[in-house]
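In: Predicted coordinates and the sequence they were generated for:
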Amino acid sequence: MSHSRRISTIVGVAALLLTASACSGLGRSTVGMLTFRGHDSPVELSYSNTLVVGCHKIGIPKGATHVENNTLVDVVLYRTPDCQKTDNADGIYVATTLSNVTAPVSLPWRSFSVIH
């Protein structure tokens, strides 16, 4: 292999590695639907293609008491609007393709984050 061909190969591989690592955290989103419902409410709120980074507020005014995770990723639900754990409650883990319902006396969920 000639010297210039070897350098071209190294530069090409380096460019591919930089491109792959630079884009790995940008724009990735969930696949499938994450559905929330409030206590005794027929109205459902669904999220799809949610970014896998950050905290996401649940857009139900009184919070969600039912969740169905029909995505390909796991999520953690929080009782606070900013994905913070409290003294009374840690995050609730809901694996992919599972659902969860709050206990009647517990607080509703206000936000969620995606496990990636």
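Out: Noted; the coordinates are in hand.

In: alpha carbons only for contacts and neighbour counts from here, please
Out: OK.

In: Give the burial count for the residue lying closest to residue 73 once chain neighbours are set aside, as a bare number.
Out: What sits nearest to residue 73 in space, not counting adjacent residues and going by C-alpha to C-alpha, 6 or more residues apart in numbering, is residue 96, at 5.3 Å. Counted with other C-alpha atoms under 10 Å, residues neighbouring residue 96 total 16.

In: now swap in residue 27 and tell me
Out: If you count neighbours by other C-alpha under 10 Å, residue 27 ends up with 11.

In: what's the burial count for the nearest residue to it once chain neighbours are set aside?
Out: Distances taken as C-alpha to C-alpha, 6+ apart put residue 51 closest to residue 27, at 6.6 Å, once the chain neighbours are dropped. Residues within reach of residue 51, counting by other C-alpha under 10 Å, total 17.

In: Count the residues that sit near residue 82.
Out: The tally of other residues near residue 82 (other C-alpha under 10 Å) stands at 15.

In: no, scratch that, I was asking about residue 31
Out: Applying other C-alpha under 10 Å, I find that residue 31 has 15 neighbouring residues.

In: ditto for the one 3 residues further on
Out: Applying the criterion other C-alpha under 10 Å, we find 23 residues in the vicinity of residue 34.

In: which SSE is it in?
Out: Taking DSSP states H and E as the criterion, residue 34 maps to strand 32-37.

In: Mean confidence (pLDDT) on that strand, please.
Out: What strand 32-37 shows for mean pLDDT is 94.

In: Report the buried residues of it.
Out: Across strand 32-37, burial judged by 16 or more other C-alpha atoms under 10 Å covers 32, 33, 34, 35, 36, 37.

In: Next: stretch 48-58.
Out: Neighbour counts using 16+ other C-alpha under 10 Å place 50, 51, 52, 55, 56, 57, 58 of stretch 48-58 among the buried residues.

In: Before I go, just wanted to say thanks for your time.
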